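Participant: Pasting a predicted model and its sequence here:
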Amino acid sequence: MKSHFYAMLSRMKNIYRWGLMRNTRNENLSEHSLEVAVIAHALAVIKNRRLGGSVDANAIAAAALFHDTSEIITGDMPTPVKYYNADIKSAYKDIEGVAREKLISLLPEDLRDDYKKLYSPDTQSEIIIKAADKISALIKCIEETVSGNREFEEAKKSTLKAIKEMRLPEAEIFLDEFIDSFYLPIDDMKQRD
C-alpha cells in the first residue's frame, strides 16, 4: 500500500505561524515543532536529573515533534481566536482530533498504533509538551522584540505569565538558566561566563 503520510508531514514547512502579527521573520510549523521537541526534551531531562522525575525524555521529544501536525489540515489558528471562549476551544479540539485521525489513517495499518501513541501522550508528558510549546512562543516573542518589532511585546508578557501560571518547576529552571541567552547576539553567546 502506498502512503501519503510523510508527504503530508513535509507540508509543515508551508504552514506559517503568528498569522495575525507582523513578523520580522516568518516561522513555519516545521521549525516550531523541532524547537518544541528540543525544549520538551530539555524539560524532561531537567525533571529527571534535578527534580526526581522518571519521564521518558525521548518519547516526550518524539511526541512534541508531532504535537501540531494536525495544523497541516486545519492551518494555524491564532491563539486569541482559538481560546476566545469555551465553545470555540472545544470545537477546535474536536477539529484537531479529526485532523489527527485523518493523518493517522494515511499510514499503513501496521504502523498506526505506534503513531497513535505519539498523538496521545500521558498527562505528565502532555504538560511538559504544553510548557515547551509556550516557551517556544516566548522565544519567538523575544526574537521579534529584540529585532525591534514592538508588535510582540504584549504577546511576550502574556506568554511569560502563562508559563509562570503553569507552576512547572522544570519550566522555571529552563527560564532561569537558559532564556536570557535568547536576548544576546551570537558573539556574546560564544563568550564564557
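Facilitator: Right, received. Where do you want to start?

Participant: Surely K82 is in contact with A91?
Facilitator: No - K82 is not in contact with A91 according to CB atoms under 8 Å; the separation is 9.8 Å. For the C-beta atoms, the positions are set from N, CA and C on the backbone; glycine is no exception.

Participant: Out of the helices and strands in the chain, which is least certain?
Facilitator: helix 79-82 (a mean of 70; mean pLDDT, DSSP states H and E).

Participant: following that helix, which helix or strand comes up?
Facilitator: From helix 79-82 onward toward the C-terminus, using DSSP states H and E, the following helix or strand is helix 86-105.

Participant: who does that next one touch, helix- and strand-wise?
Facilitator: Packed against helix 86-105 by the contact rule (3 or more CB pairs under 8 Å, 6 or more residues apart in numbering; DSSP states H and E) you find helix 5-9, helix 71-74, helix 79-82, helix 112-119.

Participant: Touching that helix from outside, list them.
Facilitator: Helix 86-105 has contacts (CB atoms under 8 Å, 6 or more residues apart in numbering) with 5, 8-9, 69-74, 77, 81-83, 112, 115-116, 119.

Participant: could you dump that helix to PDB, C-alpha only?
Facilitator: Taking Å, rounded to 0.1, in the frame of the first residue of the first chain, the C-alpha atoms of helix 86-105 are listed here in PDB:
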ATOM      1  CA  ALA A  86     -15.100  27.600  25.700                       C
ATOM      2  CA  ASP A  87     -17.200  26.700  22.700                       C
ATOM      3  CA  ILE A  88     -14.600  27.700  20.100                       C
ATOM      4  CA  LYS A  89     -11.800  26.000  22.200                       C
ATOM      5  CA  SER A  90     -13.900  22.800  22.400                       C
ATOM      6  CA  ALA A  91     -14.900  22.800  18.700                       C
ATOM      7  CA  TYR A  92     -11.200  23.400  17.700                       C
ATOM      8  CA  LYS A  93     -10.100  20.500  19.800                       C
ATOM      9  CA  ASP A  94     -12.600  18.300  18.000                       C
ATOM     10  CA  ILE A  95     -11.400  19.500  14.700                       C
ATOM     11  CA  GLU A  96      -7.800  18.800  15.700                       C
ATOM     12  CA  GLY A  97      -8.800  15.300  16.700                       C
ATOM     13  CA  VAL A  98     -10.400  14.700  13.300                       C
ATOM     14  CA  ALA A  99      -7.300  16.000  11.600                       C
ATOM     15  CA  ARG A 100      -5.000  13.800  13.600                       C
ATOM     16  CA  GLU A 101      -7.200  10.700  12.800                       C
ATOM     17  CA  LYS A 102      -7.100  11.700   9.100                       C
ATOM     18  CA  LEU A 103      -3.300  11.800   9.200                       C
ATOM     19  CA  ILE A 104      -3.000   8.500  11.100                       C
ATOM     20  CA  SER A 105      -5.400   6.900   8.500                       C
END
